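S.K.: with the sequence up front, the predicted model follows.
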Amino acid sequence: MNSAGTWATVTSGISFSQFENVLGVLDVPAMSKNTFLKKEVEVEKVWLKHIDNALVEAGIEERRLAIEKGDVDDGMPFITVIVDGGWSKRSYGHNYTATSGMAVIIAERTGQLLFLGVRNKYCCICDRATKIGMEAKPHLCYKNWDENKPSTAMEQDINVEGFKMSEKMHGVRYKYFVGDGDSSVYAKLVQNVSYGRTIQKLECANHCIKNYTGHLHKLAADKTFPPDSRKLLKQSIPRLTAAARGAIRHCADEGETVDDSISDLKNWPYHVFGEHAQCRNYFCQKVESNENLKIITNAKLLDEITALVSRLEQKAPRLIKNKTSNAAEFYMSLLAKYNCGKRINLGQRGSFQRRCYVAGSERSCLGTKPI
(Lines give C-alpha, C1' and ligand atoms only; values in the text may rest on other atoms or scores of the structure.)
Protein backbone atom coordinates (compact mmCIF):
# COMPACT_ATOMS: atom_id res chain seq x y z
CA MET A 1 0.00 0.00 0.00
CA ASN A 2 2.83 2.41 0.87
CA SER A 3 4.59 1.66 -2.41
CA ALA A 4 1.39 2.29 -4.34
CA GLY A 5 0.83 5.55 -2.48
CA THR A 6 4.39 6.68 -3.24
CA TRP A 7 4.02 5.74 -6.90
CA ALA A 8 0.75 7.65 -7.15
CA THR A 9 2.23 10.72 -5.42
CA VAL A 10 5.18 11.04 -7.78
CA THR A 11 3.24 10.26 -10.96
CA SER A 12 0.51 12.74 -9.96
CA GLY A 13 3.06 15.55 -9.79
CA ILE A 14 2.60 16.31 -6.09
CA SER A 15 4.85 16.18 -3.04
CA PHE A 16 4.64 14.22 0.22
CA SER A 17 3.01 17.12 2.08
CA GLN A 18 0.23 17.29 -0.50
CA PHE A 19 -0.20 13.52 -0.36
CA GLU A 20 -0.43 13.78 3.44
CA ASN A 21 -3.04 16.56 3.21
CA VAL A 22 -5.23 14.52 0.85
CA LEU A 23 -5.20 11.53 3.17
CA GLY A 24 -5.81 13.81 6.16
CA VAL A 25 -9.00 15.15 4.61
CA LEU A 26 -10.10 11.55 3.99
CA ASP A 27 -9.24 10.70 7.61
CA VAL A 28 -6.76 8.05 6.44
CA PRO A 29 -3.43 7.75 8.27
CA ALA A 30 -0.42 8.47 6.05
CA MET A 31 3.03 6.89 6.15
CA SER A 32 5.88 8.87 7.70
CA LYS A 33 8.16 11.06 5.62
CA ASN A 34 11.06 8.63 6.11
CA THR A 35 8.96 5.71 4.92
CA PHE A 36 7.91 7.72 1.88
CA LEU A 37 11.55 8.48 1.02
CA LYS A 38 12.48 4.79 1.33
CA LYS A 39 9.60 3.75 -0.88
CA GLU A 40 10.55 6.44 -3.38
CA VAL A 41 14.00 4.84 -3.72
CA GLU A 42 12.40 1.42 -4.23
CA VAL A 43 10.05 2.50 -7.02
CA GLU A 44 12.87 4.48 -8.61
CA LYS A 45 14.56 1.17 -9.45
CA VAL A 46 11.47 0.08 -11.41
CA TRP A 47 11.40 3.28 -13.45
CA LEU A 48 15.15 3.19 -14.07
CA LYS A 49 15.02 -0.43 -15.25
CA HIS A 50 12.20 0.40 -17.66
CA ILE A 51 14.11 3.38 -19.08
CA ASP A 52 17.32 1.37 -19.51
CA ASN A 53 15.45 -1.27 -21.51
CA ALA A 54 13.67 1.39 -23.58
CA LEU A 55 16.96 3.15 -24.40
CA VAL A 56 18.53 -0.07 -25.64
CA GLU A 57 15.52 -0.92 -27.81
CA ALA A 58 15.42 2.62 -29.24
CA GLY A 59 19.12 2.44 -30.11
CA ILE A 60 18.69 -0.88 -31.91
CA GLU A 61 15.82 0.53 -33.98
CA GLU A 62 17.71 3.72 -34.85
CA ARG A 63 20.78 1.76 -35.91
CA ARG A 64 18.67 -0.51 -38.13
CA LEU A 65 16.92 2.43 -39.81
CA ALA A 66 20.20 4.28 -40.37
CA ILE A 67 21.74 1.25 -42.09
CA GLU A 68 18.61 0.81 -44.23
CA LYS A 69 18.83 4.45 -45.35
CA GLY A 70 22.54 4.13 -46.09
CA ASP A 71 23.47 6.70 -43.44
CA VAL A 72 26.93 5.27 -42.73
CA ASP A 73 30.33 7.01 -42.42
CA ASP A 74 33.57 5.06 -41.97
CA GLY A 75 31.58 1.91 -41.27
CA MET A 76 29.56 3.56 -38.47
CA PRO A 77 25.85 4.43 -38.88
CA PHE A 78 24.97 8.03 -38.08
CA ILE A 79 21.68 9.64 -37.06
CA THR A 80 20.13 13.01 -36.24
CA VAL A 81 19.20 13.68 -32.61
CA ILE A 82 17.42 16.41 -30.67
CA VAL A 83 18.98 17.73 -27.47
CA ASP A 84 17.66 19.94 -24.70
CA GLY A 85 18.18 20.53 -21.02
CA GLY A 86 16.39 21.94 -18.00
CA TRP A 87 16.73 22.67 -14.30
CA SER A 88 14.88 21.94 -11.10
CA LYS A 89 13.78 25.55 -10.63
CA ARG A 90 12.87 28.43 -12.87
CA SER A 91 15.62 30.89 -13.76
CA TYR A 92 13.39 33.69 -15.13
CA GLY A 93 16.23 34.44 -17.52
CA HIS A 94 18.77 35.53 -14.87
CA ASN A 95 18.84 33.31 -11.78
CA TYR A 96 20.71 30.16 -12.84
CA THR A 97 21.33 28.67 -9.39
CA ALA A 98 19.34 25.43 -9.49
CA THR A 99 20.78 22.57 -7.45
CA SER A 100 19.78 19.98 -10.08
CA GLY A 101 19.73 19.88 -13.86
CA MET A 102 19.04 17.36 -16.59
CA ALA A 103 19.33 16.87 -20.34
CA VAL A 104 17.92 14.45 -22.90
CA ILE A 105 19.01 13.16 -26.29
CA ILE A 106 16.10 12.06 -28.49
CA ALA A 107 16.19 10.37 -31.89
CA GLU A 108 14.82 12.74 -34.54
CA ARG A 109 13.59 9.95 -36.85
CA THR A 110 11.52 7.95 -34.34
CA GLY A 111 11.12 10.39 -31.46
CA GLN A 112 12.49 7.79 -29.04
CA LEU A 113 14.59 8.65 -25.98
CA LEU A 114 18.26 7.65 -26.43
CA PHE A 115 19.90 9.19 -23.38
CA LEU A 116 18.85 10.85 -20.13
CA GLY A 117 21.24 12.34 -17.61
CA VAL A 118 20.82 14.20 -14.31
CA ARG A 119 23.28 16.29 -12.30
CA ASN A 120 22.85 17.17 -8.62
CA LYS A 121 25.08 19.56 -6.69
CA TYR A 122 23.39 19.21 -3.30
CA CYS A 123 22.68 16.44 -0.79
CA CYS A 124 20.89 17.48 2.40
CA ILE A 125 22.47 14.67 4.47
CA CYS A 126 26.01 15.56 3.41
CA ASP A 127 25.30 19.26 3.91
CA ARG A 128 23.96 18.82 7.46
CA ALA A 129 26.94 16.67 8.44
CA THR A 130 29.34 19.29 7.07
CA LYS A 131 27.64 22.08 9.01
CA ILE A 132 28.03 20.30 12.35
CA GLY A 133 31.55 19.10 11.56
CA MET A 134 30.75 15.39 11.45
CA GLU A 135 31.12 12.65 8.88
CA ALA A 136 27.90 11.88 7.03
CA LYS A 137 26.24 8.57 7.92
CA PRO A 138 26.11 5.92 5.18
CA HIS A 139 23.36 6.88 2.73
CA LEU A 140 22.38 6.86 -0.93
CA CYS A 141 23.94 10.10 -2.15
CA TYR A 142 22.76 11.62 -5.43
CA LYS A 143 25.33 14.42 -5.47
CA ASN A 144 27.37 14.08 -8.67
CA TRP A 145 28.20 17.68 -9.51
CA ASP A 146 30.71 20.01 -7.84
CA GLU A 147 28.79 22.65 -5.92
CA ASN A 148 31.32 25.26 -7.08
CA LYS A 149 30.61 24.60 -10.75
CA PRO A 150 27.85 26.65 -12.42
CA SER A 151 24.47 25.04 -12.90
CA THR A 152 24.44 26.26 -16.48
CA ALA A 153 27.27 23.82 -17.31
CA MET A 154 25.18 20.77 -16.37
CA GLU A 155 23.46 20.54 -19.75
CA GLN A 156 26.78 20.69 -21.60
CA ASP A 157 28.31 17.97 -19.42
CA ILE A 158 25.35 15.60 -19.84
CA ASN A 159 25.28 16.04 -23.61
CA VAL A 160 29.01 15.38 -23.86
CA GLU A 161 28.53 12.19 -21.83
CA GLY A 162 25.64 11.08 -24.05
CA PHE A 163 27.55 11.73 -27.30
CA LYS A 164 30.65 9.96 -25.97
CA MET A 165 28.54 6.87 -25.18
CA SER A 166 26.65 6.78 -28.50
CA GLU A 167 28.95 4.27 -30.22
CA LYS A 168 29.25 1.92 -27.26
CA MET A 169 25.63 2.23 -26.13
CA HIS A 170 23.80 2.22 -29.48
CA GLY A 171 26.39 1.53 -32.16
CA VAL A 172 25.73 4.87 -33.90
CA ARG A 173 27.15 8.36 -34.06
CA TYR A 174 25.11 11.49 -33.52
CA LYS A 175 26.29 13.34 -36.62
CA TYR A 176 23.56 15.99 -36.61
CA PHE A 177 21.83 17.46 -33.61
CA VAL A 178 18.95 19.88 -33.34
CA GLY A 179 19.18 22.39 -30.52
CA ASP A 180 18.21 25.86 -29.43
CA GLY A 181 20.42 28.93 -29.67
CA ASP A 182 22.90 27.77 -26.99
CA SER A 183 26.24 27.56 -28.83
CA SER A 184 28.19 26.42 -25.75
CA VAL A 185 26.88 22.84 -26.08
CA TYR A 186 28.15 22.56 -29.65
CA ALA A 187 31.57 23.90 -28.66
CA LYS A 188 31.90 21.34 -25.86
CA LEU A 189 30.87 18.49 -28.17
CA VAL A 190 33.48 19.45 -30.76
CA GLN A 191 36.19 19.64 -28.08
CA ASN A 192 35.39 16.54 -26.04
CA VAL A 193 33.77 13.91 -28.28
CA SER A 194 36.05 11.61 -30.32
CA TYR A 195 34.12 12.33 -33.53
CA GLY A 196 33.34 15.90 -32.48
CA ARG A 197 34.69 17.56 -35.62
CA THR A 198 32.16 15.69 -37.75
CA ILE A 199 29.18 16.82 -35.65
CA GLN A 200 26.94 19.44 -37.24
CA LYS A 201 24.36 21.54 -35.46
CA LEU A 202 20.91 22.27 -36.89
CA GLU A 203 18.99 25.18 -35.43
CA CYS A 204 15.49 24.70 -34.05
CA ALA A 205 13.36 26.84 -36.38
CA ASN A 206 10.77 27.47 -33.68
CA HIS A 207 13.35 28.84 -31.25
CA CYS A 208 14.83 31.13 -33.91
CA ILE A 209 11.43 32.54 -34.81
CA LYS A 210 10.53 32.93 -31.14
CA ASN A 211 13.67 35.02 -30.55
CA TYR A 212 12.97 37.04 -33.69
CA THR A 213 9.42 37.73 -32.49
CA GLY A 214 10.62 38.78 -29.06
CA HIS A 215 13.01 41.34 -30.51
CA LEU A 216 10.28 42.70 -32.80
CA HIS A 217 8.06 43.29 -29.77
CA LYS A 218 10.92 45.13 -28.04
CA LEU A 219 11.26 47.37 -31.09
CA ALA A 220 7.53 48.06 -31.12
CA ALA A 221 7.75 49.11 -27.46
CA ASP A 222 10.77 51.39 -27.97
CA LYS A 223 9.48 54.94 -27.51
CA THR A 224 12.45 56.49 -29.28
CA PHE A 225 10.60 55.71 -32.51
CA PRO A 226 7.51 57.68 -33.68
CA PRO A 227 4.15 56.39 -32.37
CA ASP A 228 2.62 55.79 -35.81
CA SER A 229 5.56 53.61 -36.93
CA ARG A 230 5.53 51.63 -33.67
CA LYS A 231 1.79 51.04 -34.01
CA LEU A 232 2.25 49.85 -37.60
CA LEU A 233 5.07 47.51 -36.56
CA LYS A 234 3.07 46.05 -33.69
CA GLN A 235 0.16 45.32 -36.04
CA SER A 236 2.55 43.69 -38.52
CA ILE A 237 4.46 41.42 -36.13
CA PRO A 238 2.20 38.37 -36.69
CA ARG A 239 2.73 38.68 -40.46
CA LEU A 240 6.48 39.25 -40.13
CA THR A 241 6.98 36.16 -37.98
CA ALA A 242 4.61 34.00 -40.04
CA ALA A 243 6.43 35.09 -43.18
CA ALA A 244 9.87 34.17 -41.82
CA ARG A 245 8.58 30.80 -40.59
CA GLY A 246 6.94 30.19 -43.95
CA ALA A 247 10.15 30.96 -45.84
CA ILE A 248 12.07 28.40 -43.78
CA ARG A 249 9.35 25.80 -44.25
CA HIS A 250 9.05 26.39 -48.00
CA CYS A 251 12.76 26.06 -48.69
CA ALA A 252 12.87 22.79 -46.75
CA ASP A 253 9.78 21.35 -48.45
CA GLU A 254 10.94 22.31 -51.95
CA GLY A 255 14.59 21.39 -51.44
CA GLU A 256 15.77 24.88 -52.29
CA THR A 257 19.23 26.28 -51.59
CA VAL A 258 20.49 28.38 -48.70
CA ASP A 259 20.72 31.35 -51.06
CA ASP A 260 17.02 30.99 -51.90
CA SER A 261 16.19 30.95 -48.18
CA ILE A 262 18.30 34.05 -47.50
CA SER A 263 16.70 35.87 -50.46
CA ASP A 264 13.20 35.17 -49.13
CA LEU A 265 14.11 36.17 -45.57
CA LYS A 266 15.55 39.46 -46.78
CA ASN A 267 12.49 40.26 -48.87
CA TRP A 268 9.75 39.43 -46.36
CA PRO A 269 9.79 42.75 -44.43
CA TYR A 270 9.41 44.61 -47.72
CA HIS A 271 6.54 42.33 -48.73
CA VAL A 272 4.75 42.80 -45.40
CA PHE A 273 5.04 46.60 -45.61
CA GLY A 274 3.80 46.77 -49.19
CA GLU A 275 6.80 46.56 -51.55
CA HIS A 276 6.54 43.55 -53.90
CA ALA A 277 9.24 44.12 -56.53
CA GLN A 278 11.35 41.18 -55.25
CA CYS A 279 8.50 38.84 -54.28
CA ARG A 280 8.57 35.33 -55.72
CA ASN A 281 5.47 33.94 -57.41
CA TYR A 282 4.96 31.08 -54.96
CA PHE A 283 3.69 33.48 -52.30
CA CYS A 284 2.87 36.82 -53.97
CA GLN A 285 1.66 38.16 -57.31
CA LYS A 286 0.97 41.72 -56.19
CA VAL A 287 2.47 44.69 -58.01
CA GLU A 288 0.98 47.70 -56.27
CA SER A 289 2.66 49.28 -53.24
CA ASN A 290 1.47 51.40 -50.32
CA GLU A 291 2.76 54.01 -47.87
CA ASN A 292 3.57 51.59 -45.06
CA LEU A 293 7.14 50.98 -46.18
CA LYS A 294 7.76 54.72 -46.32
CA ILE A 295 6.48 55.15 -42.75
CA ILE A 296 8.72 52.39 -41.44
CA THR A 297 11.72 53.57 -43.46
CA ASN A 298 11.45 57.21 -42.41
CA ALA A 299 11.28 56.17 -38.78
CA LYS A 300 14.48 54.13 -39.31
CA LEU A 301 12.64 51.06 -38.06
CA LEU A 302 13.31 49.21 -41.30
CA ASP A 303 17.04 49.27 -40.56
CA GLU A 304 16.38 47.70 -37.15
CA ILE A 305 14.10 45.03 -38.62
CA THR A 306 16.65 44.25 -41.32
CA ALA A 307 19.31 43.81 -38.65
CA LEU A 308 17.09 41.27 -36.89
CA VAL A 309 16.46 39.44 -40.16
CA SER A 310 20.21 39.29 -40.78
CA ARG A 311 20.54 37.11 -37.67
CA LEU A 312 18.18 34.62 -39.26
CA GLU A 313 20.14 34.86 -42.50
CA GLN A 314 23.34 33.91 -40.66
CA LYS A 315 21.60 30.79 -39.37
CA ALA A 316 20.07 29.92 -42.76
CA PRO A 317 22.53 27.03 -43.44
CA ARG A 318 21.43 25.46 -40.14
CA LEU A 319 17.74 26.21 -40.74
CA ILE A 320 17.56 24.82 -44.27
CA LYS A 321 16.12 21.48 -43.09
CA ASN A 322 13.37 23.13 -41.00
CA LYS A 323 14.05 21.00 -37.92
CA THR A 324 12.50 21.66 -34.52
CA SER A 325 13.17 20.46 -30.97
CA ASN A 326 9.48 19.69 -30.37
CA ALA A 327 10.24 16.13 -29.26
CA ALA A 328 12.52 17.39 -26.49
CA GLU A 329 10.06 20.13 -25.53
CA PHE A 330 7.40 17.43 -25.19
CA TYR A 331 9.61 15.62 -22.69
CA MET A 332 10.12 18.87 -20.79
CA SER A 333 6.36 19.35 -20.57
CA LEU A 334 6.02 15.88 -19.04
CA LEU A 335 8.79 16.64 -16.56
CA ALA A 336 7.12 19.92 -15.58
CA LYS A 337 3.99 17.95 -14.73
CA TYR A 338 5.86 15.55 -12.45
CA ASN A 339 8.18 18.24 -11.11
CA CYS A 340 5.31 20.14 -9.46
CA GLY A 341 5.73 22.90 -12.04
CA LYS A 342 9.15 23.71 -10.48
CA ARG A 343 7.31 25.22 -7.50
CA ILE A 344 8.87 22.95 -4.87
CA ASN A 345 12.53 22.25 -4.11
CA LEU A 346 12.90 18.57 -5.06
CA GLY A 347 16.68 18.60 -5.37
CA GLN A 348 17.63 17.70 -1.79
CA ARG A 349 17.53 13.89 -1.78
CA GLY A 350 17.09 12.72 -5.35
CA SER A 351 13.39 13.41 -5.83
CA PHE A 352 14.05 15.56 -8.90
CA GLN A 353 16.09 12.77 -10.44
CA ARG A 354 13.32 10.24 -9.85
CA ARG A 355 10.78 12.49 -11.52
CA CYS A 356 13.10 12.79 -14.52
CA TYR A 357 12.98 8.99 -14.73
CA VAL A 358 9.19 8.99 -14.50
CA ALA A 359 8.94 11.50 -17.35
CA GLY A 360 11.42 9.44 -19.37
CA SER A 361 9.46 6.27 -18.70
CA GLU A 362 6.23 7.88 -19.91
CA ARG A 363 8.00 9.36 -22.94
CA SER A 364 9.26 5.90 -23.88
CA CYS A 365 5.80 4.38 -23.44
CA LEU A 366 4.32 6.99 -25.78
CA GLY A 367 6.84 5.91 -28.43
CA THR A 368 6.51 7.67 -31.77
CA LYS A 369 3.29 9.48 -30.95
CA PRO A 370 2.96 12.54 -33.22
CA ILE A 371 4.11 15.73 -31.54
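M.R.: Everything's here; your move.
S.K.: hey, where'd the helices end up in the stretch 101-250 of the chain?
M.R.: Along the stretch 101-250 of the chain, counting by DSSP state H, counting those that start in this stretch, helices occupy 124-131, 154-164, 166-170, 183-192, 205-220, 227-254.
S.K.: which of these is buried the deepest?
M.R.: helix 154-164 (a mean of 22; mean count of other Cβ atoms under 10 Å). All C-beta atoms are positioned from the backbone trio N, CA, C, and that covers glycine.
S.K.: need the contact partners of that helix.
M.R.: 83, 85-87, 101-103, 105, 114-115, 117-119, 145, 174, 182, 184-185, 188-189, 192-194, 196, 199 (Cβ atoms under 8 Å, 6 or more residues apart in numbering).
S.K.: redo that, cut-off 6 Å
M.R.: 83, 85, 101, 103, 105, 115, 117, 119, 174, 184-185, 188-189, 192-193 (Cβ atoms under 6 Å, 6 or more residues apart in numbering).
S.K.: same thing with stretch 188-204?
M.R.: Counting by Cβ under 6 Å, 6+ apart, 156, 160, 163-164, 173, 176, 178, 180, 186, 315, 318-319, 321, 323-325 sit against stretch 188-204.
S.K.: also stretch 358-368?
M.R.: 10-11, 47, 50-51, 54, 110-111, 113, 116, 331, 334-335, 338.
S.K.: ok, the residue lying closest to Trp87 once chain neighbours are set aside - contacts?
M.R.: Among residues not flanking Trp87 along the chain, Ala98 sits closest, at 3.6 Å (Cβ to Cβ, 6 or more residues apart in numbering). Residues in contact with Ala98 (Cβ under 6 Å, 6+ apart) are 87-89, 151.
S.K.: one more pass at 10 Å, please.
M.R.: Listed by Cβ atoms under 10 Å, 6 or more residues apart in numbering, the contact set of Ala98 reads 86-91, 119-122, 151-152, 154, 342, 345, 347, 352.
S.K.: and it, that's in a strand?
M.R.: No: using DSSP: H, G, I helix; E, B strand; the rest coil, the assignment for Ala98 is coil, not a strand.
S.K.: roughly how far does it sit from Met332?
M.R.: Applying Cβ to Cβ, to the nearest Å, the value for Ala98 to Met332 is 14 Å.
S.K.: repeat for Lys234
M.R.: For Lys234, the distance to Met332 - Cβ to Cβ - is 30 Å.
S.K.: please apply the same query to Lys300.
M.R.: 39 Å.
S.K.: tell me which of those two has more neighbours.
M.R.: Met332 (17 against 12; other Cβ atoms under 10 Å).
S.K.: which ones are touching the residue nearest to that one when sequence neighbours are not counted?
M.R.: Closest residue to Met332 apart from its sequence neighbours, by Cβ to Cβ, 6+ apart: Gly86 at 5.5 Å. Counting by Cβ under 10 Å, 6+ apart, Gly86 makes contact with 98, 100-104, 154-155, 328-329, 331-332, 335-336, 339, 342, 356.
S.K.: tabulate the helices of the stretch 101-250 of the chain (JSON lines), appending distance to Val43 and mean pLDDT.
M.R.: Shown next, in JSON lines, are the helices of the stretch 101-250 of the chain (distance: least, Cβ to Cβ, whole Å; pLDDT from 0 to 100):
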{"stretch": "helix 124-131", "distance to Val43": "20", "mean pLDDT": "86"}
{"stretch": "helix 154-164", "distance to Val43": "23", "mean pLDDT": "95"}
{"stretch": "helix 166-170", "distance to Val43": "25", "mean pLDDT": "95"}
{"stretch": "helix 183-192", "distance to Val43": "32", "mean pLDDT": "91"}
{"stretch": "helix 205-220", "distance to Val43": "35", "mean pLDDT": "95"}
{"stretch": "helix 227-254", "distance to Val43": "43", "mean pLDDT": "93"}
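S.K.: Throw these into CSV and include distance to Asp27, thanks.
M.R.: CSV is the format used below for those (distance: least, Cβ to Cβ, whole Å):
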stretch, distance to Asp27
helix 124-131, 31
helix 154-164, 43
helix 166-170, 50
helix 183-192, 51
helix 205-220, 49
helix 227-254, 54
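S.K.: to Asn290, which of the ones you listed lies closest?
M.R.: helix 227-254 (10.9 Å; Cβ to Cβ).
S.K.: any idea of the angle the closest one forms with helix 205-220?
M.R.: 170 degrees (axes from the mean of the first three to the mean of the last three Cα atoms, to 10 degrees).
S.K.: what packs against the helix or strand that comes right after helix 227-254?
M.R.: Next helix or strand after helix 227-254 toward the C-terminus (DSSP states H and E): helix 258-272. On a contact count with 3 or more Cβ pairs under 10 Å, 6 or more residues apart in numbering; DSSP states H and E, helix 258-272 meets helix 227-254, helix 292-298, helix 301-314, helix 316-319.
S.K.: can we see that at 8 Å?
M.R.: helix 227-254, helix 301-314, helix 316-319 (3 or more Cβ pairs under 8 Å, 6 or more residues apart in numbering; DSSP states H and E).
S.K.: can you give me the mean pLDDT across the longest helix along the chain?
M.R.: Looking across the chain with DSSP state H, the single longest helix is helix 33-69. Averaged across helix 33-69, pLDDT comes to 92.
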